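**Q** Output the structure for:
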Amino acid sequence: MLTVVLQQGINGIVFGSLYVLVALGLTLIYGVLVQINFAHADVVTIGAFAAYFFTFAFGGNYLISIGIALMAGAALGWLVNAAIFAPLRERGNELLPLIATIGVSILLQNAMLLWFGPIPYAFDSPYSNKVIRLWGGTFITLQNLIIVVVSALTIALLYAFMKFTFMGKALRAVSQDRETAGLMGVNPNQLIMLTFVIASALAGMGGAMLGPILVLTPFAGTTVIVKAFAIVIIGGFGNVEGTIIAGLVVGLIESYTTQFVNPGLTDIVVFTLLLLMLALRPTGLIAEKREENV
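**A** Residues are numbered from 1 along each chain as shown. Model (predicted):
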């Protein structure tokens, strides 16, 4: 029994790391703009396809493909913000960018459906079948170890960037008070662009590591984005620390529910937790404070 508990704990940390990586992008955008990006799921999917085609169509290395997916996500984030969101924000109507994210999501999904077709792709990582034996009969595949290590390093670098670099502090200043930050010499538009680029880069990277776990289709990102939204709410909208904790908690809950209850009830358990959190602590695990966002 102890071996099963430990093994499911390892599996939960793997999935939780992926959820955190995707949810952090949503948290960053909400923390800075107080907006929700419904097209985030499709950036995850594009990152997965970028990694897939780099690995199999061009004979590239899977580890390098994670970086390719990161760059593809960052480029898409820059393009979408420059072409759509930035002009809409200047009109002063907060609903316009929100509605636009839905339109961008539909556009990207149909574009991928046209380019890649509806037939699922099998994204087989060369590391999925390489097993590392741990203590007490537990194990972890090399693919899952890559997910945990890359996610942990990315989260640590993002945290250090936000807390200790000039750009990170300027981004936090914009999240607190955009007008005052502008008066202090900070360019809010550039930092909003940076926020979209970082958030989309994280989504693209998450897609590259999610691809070998799920069946790859033009709608693959939607399978994880709903839980990412739940994680952002449970952790406290706009709070990075809360998102990290909530992501790992959701990953562990899913893993243990699959093993000890019923695999078909995982979503029910997660969203029951969400409803309880909204009823008992609507501010999330870590209460949102505008001066501490992102």
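
**Q** residue ranges with poor pLDDT in the chain?
**A** Within the chain, the segments meeting pLDDT under 70 span 92, 287-294.

**Q** Following the chain onward from the longest helix belonging to the chain, which element is next?
**A** Identified as the longest helix of the chain according to DSSP state H is helix 2-33. The helix or strand immediately downstream of helix 2-33 is helix 40-56, counting by DSSP states H and E.

**Q** Can you name every helix or strand that the longest helix of the chain contacts?
**A** helix 40-56, strand 139-141, helix 142-164, helix 166-176, helix 188-210, helix 222-235, helix 240-260 (3 or more CB pairs under 8 Å, 6 or more residues apart in numbering; DSSP states H and E). Placement of C-beta: from N, CA and C, glycine included.

**Q** Which strands border the shortest one, and is each parallel or antiparallel?
**A** Spelled out, that is strand 139-141. Sheet pairing here is set by DSSP bridges, and for strand 139-141 it gives strand 131-133 (antiparallel).

**Q** who touches the strand it pairs with?
**A** Identification of contacts with strand 131-133 by CB atoms under 8 Å, 6 or more residues apart in numbering yields 139-142, 145.

**Q** how about a cut-off of 6 Å?
**A** Here strand 131-133 makes contact (CB atoms under 6 Å, 6 or more residues apart in numbering) with 139-141.

**Q** now those residues as TSV including neighbour count and distance to V43?
**A** Formatted as TSV, these follow (neighbours: other CB atoms under 10 Å; distance: CB to CB, whole Å):
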residue	neighbour count	distance to V43
F139	12	32
I140	18	28
T141	17	26
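
**Q** Go through the residues you listed and say which is closest to S17.
**A** Taking CB to CB as the measure, S17 sits nearest to I140 out of the contacts of strand 131-133, at 12.0 Å.

**Q** That closest one and I132, how far apart?
**A** 5 Å (CB to CB, to the nearest Å).

**Q** Closest one of the contacts of strand 131-133 to S175?
**A** Once CB to CB is applied, the member of the contacts of strand 131-133 that ends up nearest S175 is I140, at 36.4 Å.

**Q** quick one: the closest one and I147, what's the gap?
**A** I140 is 10 Å from I147, by CB to CB.

**Q** hmm, back to that, and the helices and strands packed on helix 2-33 as TSV, adding distance to L33?
**A** Below are the helices and strands packed on helix 2-33 laid out as TSV (distance: least, CB to CB, whole Å):
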stretch	distance to L33
helix 40-56	13
strand 139-141	37
helix 142-164	16
helix 166-176	8
helix 188-210	7
helix 222-235	14
helix 240-260	15
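
**Q** closest one to V80 among these?
**A** If we rank those by CB to CB, the stretch that ends up nearest is helix 188-210, at 7.1 Å.

**Q** Now that closest one: buried residues?
**A** Residues 188, 191-210 are the ones in helix 188-210 that count as buried (16 or more other CB atoms under 10 Å).
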